[in-house]
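Enquirer: Everything below, folded, please.
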Amino acid sequence: ASDHNSCRQAIGLFRAPAQNFICADSNNYSITHNGKIPVKKSGHGMFVLDGQLRENDWQAYIPQDELPVMINPQRGYIRSANEHPVTEQYKYFPGWYFDDPYRARRIRERLEAQRDHSWQSMQDTQNDITDTFAREVAPLLIKNLTKDSLNHGQQQALANLKEWDFILNYDSSLPSIFYVWWRNVRDSIWRDQLWESERPMRPPRSRTLALIKDVDRKGEKAHSFNLFWLDDITTPQQENLSDIVTSAFLTMWKELTEHFGEDFLQWQWHKVNTTQIPHVGQIPGFGSDKILMGGGNNTPNANVGAHGASWKMVVEMSNPIQAWTNIPGGISGNPFDPTYDKWVESWSRGEMRSVRFGTLNKLKAEFKTTVFRGDE
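Expert: Reported below is the predicted structural model:
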């Protein structure tokens, strides 16, 4: 492709797997949710269907010119972070499960915080570790916590949590406290009714949050289904939201104390959310060491264990085009390669390096005549 229009035409040839495609030149830009996507009935894909019935087969595919697309929006930017891609007015059923909008929300905040952006500000946006999910949920949990049952250390941790800026720094204990607390609240709500022989079954995070908000707002007049799920059916009493939140807090405290000691300041986030890059062949010992990185699955810099935003790139539509990128290490998968883990440290710090552009023949000639040292 040589410009935006030819890029839009070219992606029509790409059928699988379905992906988000960005096309841009100095005048136009767009995002297309592109691929050979079947036309589904409402709810199709939520459950396993009978494969012997012809009506359960795909009947047609969404035409290329009707795939979800956004071109040159009036707001001046496009952003996507795996959230729901269309409004209710879209004529096709796009599916039923998408990521929650917290990463996308934070990206929007950063893009709208200033009028003009540079490649450095875009790099900073990709490296952002502010958690809008924690910012929304932590006050709800704190509000419903029975505080007179807490000891001195727990009271101090709670005071720190109230002053938290919701940044997931790797050396902070507050993300650990919040997310282990949240996990125990979530599991307490669903475990007794949905788990069979300790097999975890959990609705999406957004469903759990909707339940908590409904009960927090309406109390005993909340939706009967939400009150049913909230109650622990293994006990004789009827649990309320305060019971669940307080019990989950104490369970969180016990769990983190057993793993990391009694000093809650030592419960740093990197110990709970351990970031490590495995070998491409999943060979033990051939991956990276543990990496000290902030962020989580609800931040633009989305690092969760061995998953995350690996390839980072910023492109400036100047003349000539400029671009900056980084990936965490070499691409050979060979641990004896001298560049095998060369870029891991700079990648973990969110740094990018300039991309070299040139024609294929020119680049081939350069590689034939140039000897590269390890630091070049």
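
Enquirer: What sits closest to the most centrally placed residue in the chain if chain neighbours are left out?
Expert: Centroid-nearest residue in the chain, with CA atoms, centre = their mean: residue 297, separated by 3.5 Å. Setting aside the residues directly before and after it, residue 297 is nearest to residue 304 in space (CB to CB, 6 or more residues apart in numbering), at 4.5 Å. Heads up, the C-betas are built off the backbone N, CA and C, glycines and all.

Enquirer: hang on, the one you found packs against residue 274?
Expert: No. In this structure residue 304 lies outside contact range of residue 274 using CB atoms under 8 Å: 9.6 Å.

Enquirer: residues in contact with residue 78?
Expert: Going by CB atoms under 8 Å, 6 or more residues apart in numbering, residue 78 touches 22, 29, 30, 31, 70.

Enquirer: What distance do you get for the second one to residue 35?
Expert: Taking CB to CB, to the nearest Å as the measure, residue 29 and residue 35 are separated by 20 Å.

Enquirer: Where does residue 234 sit: helix, strand or coil?
Expert: With DSSP: H, G, I helix; E, B strand; the rest coil as the basis, residue 234 sits in coil.

Enquirer: and the gap between it and residue 183?
Expert: Counting by CB to CB, the gap between residue 234 and residue 183 amounts to 19 Å.

Enquirer: In this structure, what helix or strand scores lowest on average pLDDT?
Expert: helix 360-369 (a mean of 65; mean pLDDT, DSSP states H and E).

Enquirer: wait, doesn't residue 114 sit right on residue 122?
Expert: No. With contact defined as CB under 8 Å, residue 114 does not count as touching residue 122 (11.2 Å).

Enquirer: neighbour-wise, which of the two wins?
Expert: residue 122 (19 against 9; other CB atoms under 10 Å).

Enquirer: any idea which element that one lies in?
Expert: For residue 122, the host element (DSSP states H and E) is helix 119-126.

Enquirer: Tell me the buried residues in that helix?
Expert: Neighbour counts over helix 119-126 (16 or more other CB atoms under 10 Å) mark 119, 122, 123, 125, 126 as buried.

Enquirer: And stretch 209-222, what's buried?
Expert: Buried, per 16+ other CB under 10 Å, within stretch 209-222: 209, 211, 212, 214, 215, 216, 222.

Enquirer: From residue 278, how far off is the first one?
Expert: To tie it back to what came earlier, the one meant is residue 209. Going from residue 209 to residue 278 by CB to CB gives 31 Å.

Enquirer: rewinding a little: as CSV, the contacts of residue 78 with neighbour count would be great.
Expert: Below are the contacts of residue 78 laid out as CSV (neighbours: other CB atoms under 10 Å):
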residue, neighbour count
22, 13
29, 19
30, 19
31, 19
70, 16
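
Enquirer: all helices for the stretch 251-376 of the chain, in order.
Expert: Remark: helices assigned in the stretch 251-376 of the chain by DSSP state H, counting those that start in this stretch are 269-272, 344-348, 360-369.

Enquirer: give me phi/psi at residue 239?
Expert: phi -80, psi 140 (degrees, to the nearest 10).

Enquirer: Let me know how buried residue 282 is, in neighbour terms.
Expert: By other CB under 10 Å, the residues close to residue 282 number 9.

Enquirer: Show the pLDDT at it.
Expert: pLDDT, residue 282: 81.

Enquirer: Can you give me every residue that contacts it?
Expert: Counted by CB under 8 Å, 6+ apart, residue 282 has zero contacts.

Enquirer: For residue 306, see how far away it is.
Expert: For residue 282 relative to residue 306 (CB to CB), the value is 9 Å.

Enquirer: my read is residue 31 is in a strand, agree?
Expert: Yes. Assignment of residue 31 by three-state DSSP places it within a strand.

Enquirer: Now do the same contact list for the spatially closest residue to residue 276 that is not a sequence neighbour.
Expert: Ranked by CB to CB, 6+ apart and with sequence neighbours excluded, the top spatial neighbour of residue 276 is residue 290, at 5.4 Å. By CB under 8 Å, 6+ apart, residue 290 lies in contact with 270, 274, 275, 276.

Enquirer: Right, I'll leave it there.
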